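> This is a predicted model, with the sequence first.
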Number of protein chains: 2
Amino acid sequence: MLIEKPLILITNDDGDFAKGIAVLTELMTQLGEVVVVAPDGPRSAQSNALTVTQPIRFHLLEEHDGLTRYSCSGTPTDCVKLAINEIVPRKPDLLVSGINHGSNAAVNVIYSGTMGAVLEGCENGIPSVGFSICDYSPDADFSAFAPYIVEIARKVLANGLDHGICLNVNAPSGPIKGMKVARQCDGRWVKEIVKKTDPRDRAYYWLTGEFENHEPESTDTDEWALANGLVSVVPTKIDMTSHEQLSKIADLLK
Amino acid sequence: MLIEKPLILITNDDGDFAKGIAVLTELMTQLGEVVVVAPDGPRSAQSNALTVTQPIRFHLLEEHDGLTRYSCSGTPTDCVKLAINEIVPRKPDLLVSGINHGSNAAVNVIYSGTMGAVLEGCENGIPSVGFSICDYSPDADFSAFAPYIVEIARKVLANGLDHGICLNVNAPSGPIKGMKVARQCDGRWVKEIVKKTDPRDRAYYWLTGEFENHEPESTDTDEWALANGLVSVVPTKIDMTSHEQLSKIADLLK
């Protein structure tokens, strides 16, 4: 009996030549047939942005047994839409995004291009997981994280994920002691703007910032897990409704 | 006794010359001191995208009693970060975004630049509301929506919103029968890609699509409210954790 291998779609936001996606691609070829559709350059902090005022293009980079790689001019979310609608032969059994060079824990989930792609896969009914490491270096070391990635991907392939649910997985940069399912930590970015002056004496501004953890004592958050040497796994959902607030807001607007 | 007027920050994703932001600005000057920091052109579907690979600039458009308007080179989320960190004299009492020309109901919340700005305001502890109308025309008629906008803004100014909660308000395009607090409808975009061929015989792709409502019978969703002539108000939250799934995912990964 011929058993079809799982079809795995891969993308990222650091671009198709980043080390993170090369490592992720290598790991996923152990588990199934892999199609990579990734941006042709860095698209960090692109969230779920879509390209709507200009066309998108893609082209084949390489194709051989079990692995096909495309480069796309769009955002990570564009890549997923294009892959699903035009490239893959059937709905993928798994979408993985990353490995992102840098944390997508806490509120970073709303800015992250890596997680934008994951939400897009989830929205399309594909079990979807984002992988990130708390190391912004282009040469980040993913070796300690790799076995966790394979284990999570295997289990999600075998069991799927519930409708509207995806996973946001982050790893600490150093040695890893284990894994913890956690919730998104409450916190915010501060000191976010650096002002500079150009040679014509006009001001310009760079985004930057420091993350301020609003609940450093809580032990059930992704930030706590990461600070304690654990891989954090946050079940993340497309439905942004605060169901708890429905009646309160109805009272407010009465 | 001198009572300080409320400070209201306004942005949008259709750009600072869109009719929607002009109407919203006019309405808000009835309620307080207004500062507008809006993109210098269309930034639709920019989600929570940040400008990180190049600098951002802004310049003053006009300043007179009770109203100051700036134009910014960045995304809607950039506008809010820049406004809070560099422009406004104190934390605004209210952030409003829009009025968007087009629906931000259902899953559109994750792609919307309008709602990206609202989530950013919320993340910074500012009561924040996004207003959108289901009419993509540059000359959309906002007159039936206007009294609802003023009422909601007044109530949010008076009562605030809970930590991590913002509002996603959408209006139908025709006459309005009332207002309903609702949840984000489950559904997805389909037929999302149009393929074309350029004069050099190379393929290019445009994003487009049709929204498919997965629960047309449910009467508690934003899509139902809009289809029935009601303004929909969805309490929306920054925390994307599926708290309900924490133990299930822990079991899955055991």
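Sure thing, it's come through.
> The top helix by length along chain A - contacts with which helices or strands?
In chain A, ranked by residue count with DSSP state H as the criterion, the top helix is helix A:146-159. With contacts defined as 3 or more CB pairs under 8 Å, 6 or more residues apart in numbering or on different chains; DSSP states H and E, helix A:146-159 has these neighbours: helix A:19-28, strand A:94-101, strand A:128-133, strand A:165-171, helix B:246-252. Bear in mind the C-beta positions are built from the backbone N, C-alpha and C, glycine included.
> Of the ones you listed, which is nearest A:Leu207?
strand A:94-101 (17.3 Å; CB to CB).
> Can you tell me the strand partners of that closest one and which way each runs?
The pairing partners recorded for strand A:94-101 under DSSP bridges are strand A:7-11 (parallel), strand A:128-133 (parallel).
> Which of those has the highest mean neighbour count?
Compared across the strands paired with strand A:94-101, strand A:128-133 shows the largest average neighbour count, a mean of 29 (mean count of other CB atoms under 10 Å in any protein chain shown).
> Between helix A:146-159 and that one, find me the angle.
When axes from the mean of the first three to the mean of the last three CA atoms, to 10 degrees is applied, the directions of strand A:128-133 and helix A:146-159 differ by 170 degrees.
> Contacts for strand A:128-133, please.
Defining contact as CB atoms under 8 Å, 6 or more residues apart in numbering or on different chains, one finds that strand A:128-133 is touched by A:20, A:24, A:94-105, A:112, A:114-115, A:117-122, A:140, A:142, A:145, A:149, A:152-153, A:156, A:161, A:166-173.
> Could you export that strand as CSV, CA atoms only?
The C-alpha atoms that make up strand A:128-133 are tabulated as CSV, following Å, rounded to 0.1, in the frame of the first residue of the first chain:
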residue,chain,number,x,y,z
SER,A,128,0.1,25.9,11.7
VAL,A,129,3.0,26.5,14.0
GLY,A,130,5.5,29.4,14.3
PHE,A,131,9.0,28.8,15.5
SER,A,132,11.2,31.6,16.9
ILE,A,133,14.4,31.8,18.9
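> roughly how far out does the longest helix of chain A sit from the chain middle?
Distance of helix A:146-159 from its chain centroid, counting by CA atoms, centre = their mean, to the nearest Å, is 15 Å.
> tell me the SS of A:Lys81?
helix (DSSP: H, G, I helix; E, B strand; the rest coil).
> Please list all residues in contact with it.
Shown here is A:Lys81, whose contacts under the criterion CB under 8 Å, 6+ apart are A:Leu50, A:Glu120, B:Glu192, B:Ile193, B:Leu207.
> Ok, A:Ala45 next?
Residues in contact with A:Ala45 (CB under 8 Å, 6+ apart) are A:Asp13, A:Tyr111, A:Ser112, A:Gly113, B:Ala49, B:Leu50, B:Val52.
> Just give me the closest of those to B:Trp224.
If you rank the contacts of A:Ala45 by distance to B:Trp224 using CB to CB, B:Ala49 comes first, at 30.0 Å.
> gap between the closest one and chain A?
Applying CB to the nearest CB, to the nearest Å, one obtains 4 Å for the distance of B:Ala49 from chain A.
> With adjacent residues omitted, what lies nearest to that residue?
The shortest distance from B:Ala49 to any residue that is not its chain neighbour, by CB to CB, 6 or more residues apart in numbering or on different chains, is 4.1 Å, and that residue is A:Ala49.
> my read is that neighbour is in a helix, agree?
No. Assessed by three-state DSSP, A:Ala49 does not belong to a helix; its assignment is coil.
> separation between it and A:Pro92?
Going from A:Ala49 to A:Pro92 by CB to CB, to the nearest Å gives 22 Å.
> Repeat that for A:Gly66.
Counting by CB to CB, the gap from A:Gly66 to A:Pro92 is 14 Å.
> Looking at those two, which has the bigger crowd around it?
More neighbours sit around A:Pro92 than around the other of A:Gly66 and A:Pro92, counting by other CB atoms under 10 Å in any protein chain shown; the figures are 26 against 14.
> The more buried one against A:Ile10, yeah?
No. Assessed by CB atoms under 8 Å, A:Pro92 is found out of contact with A:Ile10, at 9.3 Å.
> Which stretches in the stretch 151-254 of chain A count as strands?
Taking DSSP state E, counting those that start in this stretch as the criterion, the stretch 151-254 of chain A carries its strands at A:165-171, A:178-181, A:187-190, A:193-197, A:203-207, A:210-213, A:230-237.
> what would those strands look like in CSV with mean neighbour count?
Supplementary listing: the strands of the stretch 151-254 of chain A in CSV, determined by neighbours: other CB atoms under 10 Å in any protein chain shown:
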stretch, mean neighbour count
strand A:165-171, 27
strand A:178-181, 18
strand A:187-190, 17
strand A:193-197, 12
strand A:203-207, 18
strand A:210-213, 14
strand A:230-237, 26
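> can you put the ones you listed in CSV and add mean pLDDT and distance to B:Arg183?
Below are the strands of the stretch 151-254 of chain A laid out as CSV (pLDDT from 0 to 100; distance: least, CB to CB, whole Å):
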stretch, mean pLDDT, distance to B:Arg183
strand A:165-171, 98, 16
strand A:178-181, 98, 25
strand A:187-190, 96, 26
strand A:193-197, 97, 35
strand A:203-207, 97, 33
strand A:210-213, 96, 30
strand A:230-237, 98, 12
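> of all those strands, which lies closest to B:Ser218?
Nearest to B:Ser218 among those is strand A:230-237; the distance by CB to CB comes to 17.3 Å.
> Now do the closest one and strand A:128-133, the angle between them.
Calculated by the same axes, to 10 degrees, strand A:230-237 forms an angle of 150 degrees with strand A:128-133.
> Quick one: list the elements packing against strand A:230-237.
Helices and strands in packing contact with strand A:230-237 are listed as helix A:113-123, strand A:165-171, strand A:178-181, helix A:222-227, helix B:246-252; criterion 3+ CB pairs under 8 Å, 6+ apart.
> Turn those into TSV, columns for distance to B:Ile126.
Listed next are those as TSV, based on distance: least, CB to CB, whole Å:
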stretch	distance to B:Ile126
helix A:113-123	23
strand A:165-171	25
strand A:178-181	31
helix A:222-227	23
helix B:246-252	29
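> For B:Leu82, find the nearest of the ones you listed.
Judged by CB to CB, the one of the helices and strands packed on strand A:230-237 that comes nearest to B:Leu82 is helix A:113-123, at 20.6 Å.
> average pLDDT across the closest one?
Across helix A:113-123, pLDDT averages out at 98.
> B:Gln46 is in contact with the residue nearest to B:Ala49, correct?
Yes. Counting by CB under 8 Å, a contact exists between A:Ala49 and B:Gln46, whose distance comes to 5.0 Å.
> Any chance you could list residues touching both of these two?
Common contacts of A:Ala49 and B:Gln46 (CB under 8 Å, 6+ apart): B:Thr75.
> With adjacent residues omitted, what lies nearest to A:Pro127?
Per CB to CB, 6+ apart, closest to A:Pro127 is A:Leu161, 4.4 Å.
> One more: A:Leu167?
By the measure of CB to CB, 6+ apart, the closest residue to A:Leu167 outside its immediate chain neighbours is A:Val129, 4.4 Å from it.
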